[in-house]
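Enquirer: I'd like to go over a predicted model; first the sequence, then the structure.
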Amino acid sequence: MTETTLGYIEWNGCYLMLYRNQKENDPNKGKWIGIGGHIEKDETPDECFLREVREETGIILDNFIKRGVVDFISDTAENERMHLYTATVDNPNFAECNEGTLKWIPKKEILNLNLWEGDKYFLTPLINGKNDIRMRLTYEGWNLIKAESF
């Protein structure tokens, strides 16, 4: 099982979202996602999250909160354990990202974006302030067939 991080950076009632439109052969192409990526060898999930935020946005976080873990089970891709984070910043500035377009989106509009179907299952409690999110999302191909909370 591969391990990744995904985080949502908040400023002024908005999350910094990444519209994936730059990379070739990107399974996330055309989707809005948070900030994150694959955990490297000898790296903790926290270290990965901080690194990915710095690489993708230029933002150096002073603090963050781990909000949960989501397991993705798939019949066509490697299974994934995603460590879920949030952070708040005082400054809305960010650098350009080579993976897509970054934009501040009001939290109340997030669920209207072109997201992975499963993302809505963890974003809803995340936006509502829930901690300790534990979930398993099962996909057949690109279709979500089951969402389970624990």
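Expert: Great, that's in hand.

Enquirer: I'd say residue 36 and residue 49 touch.
Expert: Yes: using Cβ atoms under 8 Å, residue 36 is in contact with residue 49, at 6.4 Å. From N, CA and C alone the C-beta is placed, and that goes for glycine too.

Enquirer: what's the burial count for the residue nearest to residue 27 when sequence neighbours are not counted?
Expert: Using Cβ to Cβ, 6 or more residues apart in numbering and skipping residues adjacent in sequence, the residue nearest residue 27 is residue 77, 7.6 Å away. Each residue near residue 77 was counted by other Cβ atoms under 10 Å, and the total is 13.

Enquirer: and residue 120, by the same measure?
Expert: Residues near residue 120, counting by other Cβ under 10 Å: 14.

Enquirer: just the pLDDT at it, thanks.
Expert: Here the pLDDT value assigned to residue 120 is 95.

Enquirer: residues touching residue 45, list them.
Expert: 3, 5, 39, 66, 83 (Cβ atoms under 8 Å, 6 or more residues apart in numbering).

Enquirer: need the three-state assignment for the second one.
Expert: To tie it back to what came earlier, the one meant is residue 5. Secondary structure, DSSP: H, G, I helix; E, B strand; the rest coil: residue 5 is strand.

Enquirer: and it, what does it touch?
Expert: Counted by Cβ under 8 Å, 6+ apart, residue 5 has contacts 36-37, 39, 45, 48-49, 52, 82-85.
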